[in-house]
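Asks: Make a model of this:
(one chain, ligands or ions: 1)
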Amino acid sequence: MQFTVAIDGPAAAGKGTVARAVADEFGFAHLDTGLLYRAVGAKAMMRGRGVIDAEIAEEIAKTLSEEDLTREGLRTARVAQAASKVAALPAVRAALLAFQKAFAKRKGGAVLDGRDIGTVICPEAEVKLYVTASDEVRAARRYAELKAKNPDTLLETVAMDLRQRDIRDASRDVAPMRASDDALLLDTSELSIDAAVAEAVALVKERFGKA
Ligand code: DC
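Replies: Modelled structure (predicted):
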């Protein structure tokens, strides 16, 4: 059985939470594709001592290992910015393409979340969701997350970081962040986690029953 759920949307809109819950509910495998770009960005920053070199980033993407994905510190704001920068490099995206496409087609069902899953990685996905929330709500959510790890975190800095990434991710030439024409929009601004998950699960259930 092959069944793919593609979930896209901007940072901190809740797509990771929704993706994990859908995967759990249906027993599908889950891939957080942002983690791939974060791992490449973090390694490229380390190698370049804070500066990203496109050729080095490409080489890292081509040789990315499972271990790279489990390294500590991939969830910081600094790494998020690095991820967004390497994600704008066509050669980096090309190097990560085959792995993601194969994951989407794996037997037993798959949920992938990212920015280009419904448009580029798996345009034929059985279910496509575009999860969004207002800028204010997303900033407040990410702030609460980061503040728990680092008490010096500032809301204004978090909001600026998200804005910068949204602009970069949506305006790049290759695979820009956008909702595919046939994606269902899920605005989580005023939804609790449970309510957002329930909507997504109901939608997948409806399509899964027909697959
Ligand atoms: O989902 P995230 O915040 O962990 O993603 C980090 C960055 O990676 C994001 O700013 C853009 C990039 N990304 C991407 O370009 N394409 C994806 N499918 C997933 C993430």
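
Asks: mind listing the helices for this structure?
Replies: 15-26, 33-47, 54-62, 66-69, 77-86, 90-104, 135-149, 155-171, 193-210 (DSSP state H).

Asks: If we go by neighbour counts, what in the fifth one is buried?
Replies: Right, helix 77-86. Judged by neighbour count using 16 or more other Cβ atoms under 10 Å, the buried positions of helix 77-86 are 77, 79, 80, 81, 82, 83, 84, 85, 86. For every residue, glycine as well, the C-beta is placed using N, CA and C.

Asks: Ok, the last one next?
Replies: Buried residues in helix 193-210, counting neighbours by 16+ other Cβ under 10 Å, are found at 196, 197, 199, 200, 201, 203, 204, 208.

Asks: go on, the shortest one?
Replies: Neighbour-count burial for helix 66-69, counted by 16+ other Cβ under 10 Å, picks out residue 68.

Asks: Any idea how many residues pack against residue 26?
Replies: Residue 26: 16 surrounding residues under other Cβ atoms under 10 Å.

Asks: Oh, that last question was meant for residue 29, not what I typed.
Replies: Residues near residue 29, counting by other Cβ under 10 Å, number 14.

Asks: Residue 14 too?
Replies: 26.

Asks: same check, this time on residue 51
Replies: Residue 51 has 9 nearby residues by other Cβ under 10 Å.

Asks: Could you measure from it over to residue 157?
Replies: According to Cβ to Cβ, to the nearest Å, residue 51 and residue 157 sit 21 Å apart.

Asks: In the protein, where is pLDDT below threshold?
Replies: Judged against pLDDT under 70, the low-scoring parts of the chain cover residues 211.

Asks: At the contact with the ligand, which residues of it appear?
Replies: 11, 33-34, 37-38, 80, 83-84, 87, 114-116, 165, 169 (Cβ under 6 Å from any ligand atom).
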